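# Take a look and give me a structure for this.
(2 chains)
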Protein chains: 2
Amino acid sequence: MQIYHANIIYTPQSRRFEVVPDGYIAVCDGKVEGVYRDLPDHLSGVPVTDFGNRLLIPAMNDMHVHAPQYRNQGIAMDEELLPWLKNYVFPEEQKYADMTYAERMYPRFVRDLWRHGTMRVVTFASVHLESTRLLMHLLDDAGLCARVGKVNMNRDCPPGLQETVVEAQEACGALVDEFEHEGSRVRPIVTPRFIPSCTPEMLQACGEMARHYNLPVQTHLSENLEEIELVKQLEPQSRHYADAYYRYGLIGQTPSVMAHCVWTDGDELEMLRNHSVMVAHCPTSNLNVASGLAPVRRFLEAGVPVGLGSDICGGHDFSIFRMMVYAIQVSKMHYQRDKSCSFLTLSEAFWMATKSAGSFFGKVGSFEPGYDFDALVIDDSELMIDTDYTLPERLERFVYIGDDRHIVGRYCQGRLVGEP
Amino acid sequence: MQIYHANIIYTPQSRRFEVVPDGYIAVCDGKVEGVYRDLPDHLSGVPVTDFGNRLLIPAMNDMHVHAPQYRNQGIAMDEELLPWLKNYVFPEEQKYADMTYAERMYPRFVRDLWRHGTMRVVTFASVHLESTRLLMHLLDDAGLCARVGKVNMNRDCPPGLQETVVEAQEACGALVDEFEHEGSRVRPIVTPRFIPSCTPEMLQACGEMARHYNLPVQTHLSENLEEIELVKQLEPQSRHYADAYYRYGLIGQTPSVMAHCVWTDGDELEMLRNHSVMVAHCPTSNLNVASGLAPVRRFLEAGVPVGLGSDICGGHDFSIFRMMVYAIQVSKMHYQRDKSCSFLTLSEAFWMATKSAGSFFGKVGSFEPGYDFDALVIDDSELMIDTDYTLPERLERFVYIGDDRHIVGRYCQGRLVGEP
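The predicted model follows:
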């Protein structure tokens, strides 16, 4: 048992912050025992770590990112989608056939997640089994939790990024044997890149792997209009893009997270709701790649779970705090056009990044009893240029204008996570 | 005479970067003498400051910011426009009647400009003469160049922020006497807050001050739809918002910079072009305050000069580099809806922030001969995770993912500017 003393802020509900100034949080076996305004009798004698006037908040979860695009972060932003894939994305991923290259890049990727306070991640790797294993070991060694997808793809990409269905199945089995155990921090996730990169046989095999091993699924959905048109041609028997995934068993059998969903609406939205599919909202990426503005308010109103994703390298920023800002800004563009569509508040964006996203991992992202103690200690003293900021204002200033310099402590499952 | 050696990047034209790897720039009396790939004979013997593998780029210009909103940076982002003005913006500005408060805040404001590489600024102060004088002296002492506006306003705001026309005229005269001299770094600018805050008499007086003292003008134009509707009612005889300013002599007599112009189009756009009015594009502010997406591509095509503004505290970020990213992203939303409206490239955004904005101050924002040597030294070694980034890619990575930590040298008018 361990007690932490700080200004505690979290979001049990989306609509408002739970704020406990000068509060105490008791942690037992890595899980929250309770949050207290005053230390109760039954906890007397338990050691207290005192963070003083600092903020203590749930840690960040990044629900969509491409680890092997790390080198391309912040470049080629003037490129259109197709030349960008051809000239930057695919050539970079091919490099991860080379373990020496992976050994040079992946540790930096893991360190940047850590640096920005992201303690859990759902990430794409590349098609390569060995470098995917390396990434998984690095995340585990760093003390982070993750679902890592060895990508499945077998069409419309360079030969060096293609695999056979049998290779895909064998690699999945190997990763399950090695990583999919009770209590594992880092586990595999079935990851067909997206429909244009996979033949029907590959998609079918992915659905079977998900069912056979009871693995979750991640992929891309309805990111941009040209892509949606292409999927319509490739899967004429499906009612919409999500329906194609559904027919292959990639939605509905096991939990799944779908990146983007910029153009998801109507029956597709209904399907996400009915199968509790999580949307990974990636607002910087959607702006950078000119995809559009995802209708997040509509997702929330429909009861579709939403988390936030950095989507490096379509997105340029690792910080999930920065994703909150962008998510709010994008929602204000919907609001500007239709005032009945209220914009996201800070507590809603914070909730999406913490408790909503965290639900993909279990009881994660809140400080309610029984939740994993995933937490960040924020030293915002540099930002306290006046004496009378409220605690929610202090949090808001950190989210809007703070950065990794202000994150001075990181916990995952109750363990202090040092620099990898 | 002084020579600097570095990787030199600047934008003489908007469409492409001028890149001089391992180049030399000669500076004489604070002005660029020339940029050279190899050191020419006539410069042998001149002392060389060697920045090695670092980048040397023109410094940033912030064309719209509210200095007395410094404390409100990054808070109240969930508020709607009117309660935000009433509960945050106006109460904060009233504090600047108190010199003790101004002495606590304005030095931090100046330091943050410096920190983010902004060497020139066109800023609003508050209605108060004495704290405006303090701000001007602080900027001058710091070695920055500025146009600072003591705000004029006399209606629809708290009594503590109102002044009479005579007070406005006297204050303007005093600031001109003190600051408007040949060679002054920091000078006044006529600053009616915007039409709803000024009676016709005040607007008339502002136009007369601009003409009488030959001062430039800054104000807000066509920021949001409700505001435009209100201006229509207040100025029924004007064809549009800009025409109202024109009729009061606030456009067309002397150079002017208009913040936002989100909804400027047609005849209003034509008027800005005809009078070479500079638009201060403030993309973060426009998103945060849910104003809309300014049609910057149309401004550029029409030949209207555009600079970038942080608009603290409608905007939350001081960094003009971050404004470039947002300007590109906002332009991509226009592009997404209309593919014939090409999005802004990085060189265009960089040019807007440097040479285009700089033109408001004279020959500023480029490294062409005769331009003031306003420059930043960028140490991006931390971002060089691979060996084969090109120089434009290095600049792009710094713009997208770098921050003040990577700015290791700042020059204004040829002088090294240390931390204020």
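# domain assignment for chain A?
Domain ranges of chain A: A:2-59+A:365-416, A:60-361, per automatic domain parsing.
# Quick one: mean pLDDT over the shortest one.
Right, domain A:2-59+A:365-416. Domain A:2-59+A:365-416 shows a mean pLDDT of 97.
# Repeat that for stretch A:292-309.
97.
# Distance from it to the middle of the chain?
Between the centre of stretch A:292-309 and the centre of its host chain there is 14 Å, according to CA atoms, centre = their mean, to the nearest Å.
# Check stretch A:305-314 too.
The gap between where stretch A:305-314 is centred and where its chain is centred comes out at 6 Å by CA atoms, centre = their mean.
# Now do the buried residues in that stretch.
Buried residues in stretch A:305-314, counting neighbours by 16 or more other CB atoms under 10 Å in any protein chain shown, are found at A:Pro305, A:Val306, A:Gly307, A:Leu308, A:Gly309, A:Ser310, A:Asp311, A:Ile312, A:Cys313, A:Gly314. (Glycine included, C-beta is placed from N, CA and C.)
# Mind picking the two most distant members of the residues you listed?
A:Pro305 and A:Cys313 (25.2 Å; CB to CB).
# who's in contact with stretch A:362-375?
Around stretch A:362-375, the neighbours that count as contacts under CB atoms under 8 Å, 6 or more residues apart in numbering or on different chains are A:4, A:8, A:10-12, A:18, A:25, A:27, A:30-35, A:56-59, A:61, A:119-120, A:145, A:353-359, A:361, A:409-414.
# picking up where we left off before, would you mind checking which of the buried residues of stretch A:305-314 is nearest to A:Ile228?
Taking CB to CB as the measure, A:Ile228 lies nearest A:Gly314 of the buried residues of stretch A:305-314, at 16.4 Å.
# and the helix or strand harbouring A:Met105, what does it pack onto?
Using DSSP states H and E, A:Met105 maps to helix A:99-115. Using 3 or more CB pairs under 8 Å, 6 or more residues apart in numbering or on different chains; DSSP states H and E as the contact criterion, the elements in contact with helix A:99-115 are helix A:129-142.
# I'd like to know which elements the helix it packs on is packed against.
Using 3+ CB pairs under 8 Å, 6+ apart as the contact criterion, the elements in contact with helix A:129-142 are helix A:99-115, strand A:145-149, helix A:165-179, strand A:186-188.
# any idea which of the ones you listed is most buried?
Most buried of those, by mean neighbour count (mean count of other CB atoms under 10 Å in any protein chain shown): strand A:145-149, with a mean of 26.
# quick one: average pLDDT of that strand?
For strand A:145-149, the mean confidence score works out to 98.
# quick revisit: figure out how far the helix holding A:Met105 is from the centre of its chain.
Averaging C-alpha positions (CA atoms, centre = their mean) puts helix A:99-115 17 Å from its chain's average.
# State the mean pLDDT of that helix.
98.
# go on, stretch A:152-161?
94.
# Show me what that stretch is in contact with.
Defining contact as CB under 8 Å, 6+ apart, one finds that stretch A:152-161 is touched by A:90-91, A:93-94, A:97, A:126-127, A:162-165, A:168, A:190-193, A:196-199, A:202, A:205-206.
# Buried members of these into ChimeraX, please.
The following ChimeraX line selects those of the contacts of stretch A:152-161 that are buried, judged by 16+ other CB under 10 Å:
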select /A:90,93,94,126,127,163,165,168,190,191,192,193,196,197,198,202,205,206
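# Can you check the distance spanned by stretch A:152-168, start to finish?
The first and last residues of stretch A:152-168 sit 6 Å apart, counting by CA to CA, to the nearest Å.
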